[in-house]
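Enquirer: Provided below are the primary sequence and the corresponding predicted coordinates.
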Amino acid sequence: MTRIYLHVYPDSDLFKDYEDEKLKGNYTNDIKNDKYEGYEDEETDEDLTNDILPTIITGASKNHFCPLKSFLYSIHETIKESQTKTRIIVYDLGLSNKQSEELSDLQNKGYLTKVELFDWSKYPSFWNISIARGEYAWKPGMIYEISQKYPGVIIWLDSGTKVEENFFRNVNKFLDESNGFVSPSSPGLMINWTHPGIYDYFNDDHTKYDNLPNCNGASIAFDTKRTQSLIDSWYECALDKDCIAPPGSSRANHRQDQTLLTYLAAREGRICDQDRGYFGFHIHDDSNCKKEIKQYESEHNNLKEH
């Protein structure tokens, strides 16, 4: 059984709703821990302890619920076609009550297994997504959490990502080819998207990395048996703002979680030099989510439009 964890990833304007005056301040105040009471998942002890099968992670906030819903429909069909079973857990990062109810309805219909709420109180205040989107530091934190609970193959996919069935059929082959770490290249080189503060922090020489390709933060796969130390380093750095977002860095010259992961991977000789097409990833593919949802629900009688 493939485990799928869904986080809502703040791509582009994903968290713009949290940057208006109504939502300034303590983001966690908007989250009720009892939102999903009464919805029990049907996983067995075997499901929870099986570390052979992959765990998929993705995510969305209330202004990104449309891509999340489209993702759930798409990944459900893709995994079914690839003849793998799934275990899906969705992290709610601030959905409305209505959206939470809809997510619970999808849970009852088998599109996800369980909904989780991220415990922001355990982490540094700069992770608050209403301020500079939390420097995206919460993302390695979430992946680290899952690596502790469910070691094995872990796959992060943004909710705007579509995946071809070939990826699920060949994920172990891809991981074997790349020593346990898969991420397609993203535009530019490290010199373009790595603030020099990263190299100062680690006392490293930037010239060793300047011409290497960037990894892609929208789609990542780990085999924790071979990459737990990489996940640990990524997480530990994310706890320190000076590491993940050095003074003077911004989205104009740095890519926070993605930049840090690219550097840490490259330092270990893990280079992201394959394009997305090789793995079957289609990122930022969410502009037509409303149309896709309407079409899918019209073809499936057990679903209704909300």
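Expert: Here it is on my side, so go on. Bear in mind the structure is a predicted one, so any value in this text is a computation, not a measurement. Numbers count the residues shown, from 1 in each chain.

Enquirer: Return stretch 134-146 as PDB; C-alpha atoms alone will do.
Expert: This file holds the C-alpha atoms of stretch 134-146, laid out as PDB (Å, rounded to 0.1, in the frame of the first residue of the first chain):
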ATOM      1  CA  GLY A 134       7.400  31.100   6.700                       C
ATOM      2  CA  GLU A 135      10.500  31.100   4.500                       C
ATOM      3  CA  TYR A 136       9.200  27.700   3.400                       C
ATOM      4  CA  ALA A 137      11.000  26.200   6.400                       C
ATOM      5  CA  TRP A 138       8.000  24.200   7.400                       C
ATOM      6  CA  LYS A 139       8.300  22.000   4.300                       C
ATOM      7  CA  PRO A 140      11.500  20.200   5.400                       C
ATOM      8  CA  GLY A 141       9.900  20.000   8.900                       C
ATOM      9  CA  MET A 142       6.900  18.100   7.500                       C
ATOM     10  CA  ILE A 143       9.000  15.800   5.500                       C
ATOM     11  CA  TYR A 144      11.200  15.100   8.500                       C
ATOM     12  CA  GLU A 145       8.200  14.300  10.600                       C
ATOM     13  CA  ILE A 146       7.000  11.800   8.100                       C
END
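
Enquirer: now what about it, what contacts it?
Expert: 5, 7, 9-10, 55, 57, 59, 91, 118, 120, 123-124, 126-129, 154, 156, 217, 220, 222, 231-232, 234-235, 237-239, 241, 244-245, 256-258, 260-261 (CB atoms under 8 Å, 6 or more residues apart in numbering). Where you see a C-beta, it was placed from the backbone N, CA and C, and this is true even at glycine.

Enquirer: okay, the helix ranked longest in the chain in PDB with CA atoms only?
Expert: In the chain, taking DSSP state H as the definition, the longest helix is helix 65-81. The C-alpha coordinates for helix 65-81 follow below in PDB (Å, rounded to 0.1, in the frame of the first residue of the first chain):
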ATOM      1  CA  PHE A  65      -8.200  24.000  -2.100                       C
ATOM      2  CA  CYS A  66      -9.200  23.800  -5.800                       C
ATOM      3  CA  PRO A  67      -5.700  22.500  -6.900                       C
ATOM      4  CA  LEU A  68      -5.700  20.200  -3.900                       C
ATOM      5  CA  LYS A  69      -9.000  18.700  -4.800                       C
ATOM      6  CA  SER A  70      -8.000  18.300  -8.500                       C
ATOM      7  CA  PHE A  71      -4.800  16.700  -7.300                       C
ATOM      8  CA  LEU A  72      -6.700  14.200  -5.200                       C
ATOM      9  CA  TYR A  73      -8.800  13.200  -8.100                       C
ATOM     10  CA  SER A  74      -5.900  12.900 -10.500                       C
ATOM     11  CA  ILE A  75      -3.600  11.000  -8.200                       C
ATOM     12  CA  HIS A  76      -6.400   8.600  -7.200                       C
ATOM     13  CA  GLU A  77      -6.900   7.700 -10.900                       C
ATOM     14  CA  THR A  78      -3.100   7.600 -11.700                       C
ATOM     15  CA  ILE A  79      -2.300   5.200  -8.800                       C
ATOM     16  CA  LYS A  80      -5.300   3.000  -9.700                       C
ATOM     17  CA  GLU A  81      -4.000   2.800 -13.300                       C
END
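
Enquirer: Could you list every helix and strand that the helix or strand that comes right after it packs against?
Expert: Next along the chain after helix 65-81, taking DSSP states H and E as the criterion, comes strand 86-92. The helices and strands touching strand 86-92, judged by 3 or more CB pairs under 8 Å, 6 or more residues apart in numbering; DSSP states H and E, are strand 2-6, strand 55-58, helix 65-81, helix 97-108, strand 114-117.

Enquirer: Could you export these as CSV, including mean neighbour count?
Expert: Shown next, in CSV, are the helices and strands packed on strand 86-92 (neighbours: other CB atoms under 10 Å):
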stretch, mean neighbour count
strand 2-6, 26
strand 55-58, 27
helix 65-81, 21
helix 97-108, 17
strand 114-117, 18
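
Enquirer: Looking at these, which is nearest to Pro196?
Expert: Minimum separation from Pro196 across the helices and strands packed on strand 86-92 (CB to CB) falls at strand 55-58, 30.4 Å.

Enquirer: Can you verify my assumption that Leu239 contacts Pro124?
Expert: Yes. When contacts are counted by CB atoms under 8 Å, Leu239 is listed as touching Pro124 (6.1 Å).
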